[in-house]
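Asks: my questions are about this predicted structure, shown below with the sequence.
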Amino acid sequence: MPTFALSVFLMLLSLCEDLERLMNGFWWGSGTNGSSGICWMGWKKLCVQRSEGGLNFKSLHEFNLALLSKQGWRFLTNPNSLISKLFKAKYFPKGNSFDTQPGPNLNFIWRSVLAGKDILKSGCVVRIGFGDNTGIWDTSCLPDDQNPYVETSPPGALGDAIVSSLMNLNQFGWDEDLVHDIFSQRYVDLILKILGL
């Protein structure tokens with residue numbers, strides 16, 4: 001299996017299907033007199049987990065997206081690596097790789113990594129911590145599956161404000177008066193649910 005290529009490049013769906021067809025042919029083989037073997041189970045059923053009656057084979061397209069998501073995770077967790085710095089300078093100088101939208105002149109490798117972004121987003125949660133590196137309006141940090149972003153427009157000069165500016169660090173919690181002053185009740189309820197620090 002071309003694992004390295006799958007972890008760097010988004011393979012065409014037709015190529016994944018052709019490779020799966022070859023693997024299927026290996027498993028079901030051919031008869032002794034040159035005829036095709038018996039397909040005891042469909043490929044989709046083979047890719048189902050064993051606990052659900054399948055054989056836990058990998059769907060190459062899904063495996064490809066999972067490996068590309070892993071590369072995206074490396075961009076998020078290793079921002080000081082050379083490749084992260086290179087792609088950040090070119091494609092997302094003011095944000096993180098989560099916020100990047102596909103543009104017209106993207107490198108094929110970066111476009112491939114972006115293909116796994118939705119999978120990565122579905123399984124990631126931003127940890128606020130002290131809030132020093134987390135923007136208020138550009139980070140998906142609210143505990144809401146439908147819309148984790150604050151959509152209230154920032155008042156005045158607070159467009160680049162970070163989450164730590166909403167915290168009372170002496171008491172290790174939120175500055176509730178400030179949160180009530182800036183946000184609508186929906187966002188106040190969501191923000192106060194987050195356990196910072």
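Replies: Arrived safely, thanks for sending. Here the structure is a predicted model, which is why all the values come from computation and not from measurement.
Asks: what is the neighbour count of the closest residue to residue 175 other than its chain neighbours?
Replies: Using Cβ to Cβ, 6 or more residues apart in numbering and skipping the chain neighbours, the partner closest in space to residue 175 is residue 168 (4.4 Å). C-beta here means a position set from N, CA and C on the backbone, and glycine is covered the same way. Residue 168 has 13 neighbouring residues, counting by other Cβ atoms under 10 Å.
Asks: from residue 9, how far out is residue 21?
Replies: Separation of residue 21 from residue 9 (Cβ to Cβ, to the nearest Å): 20 Å.
Asks: same deal with residue 133?
Replies: 31 Å.
Asks: now for residue 160: which residues touch it?
Replies: Contact analysis of residue 160 by Cβ atoms under 8 Å, 6 or more residues apart in numbering lists residue 135.
Asks: which strands or helices does the longest helix belonging to the chain pack on?
Replies: Longest helix of the chain, by residue count under DSSP state H: helix 60-77. Helices and strands touching helix 60-77, as assessed by 3 or more Cβ pairs under 8 Å, 6 or more residues apart in numbering; DSSP states H and E, comprise helix 3-8, helix 13-28, helix 82-91, helix 108-115, helix 117-123.
Asks: how far off centre is the lowest-mean-pLDDT helix or strand in the chain?
Replies: In the chain, no helix or strand scores lower on mean pLDDT, DSSP states H and E than helix 43-46, which sits at a mean of 76. Helix 43-46 sits 26 Å away from the centroid of its parent chain (Cα atoms, centre = their mean, to the nearest Å).
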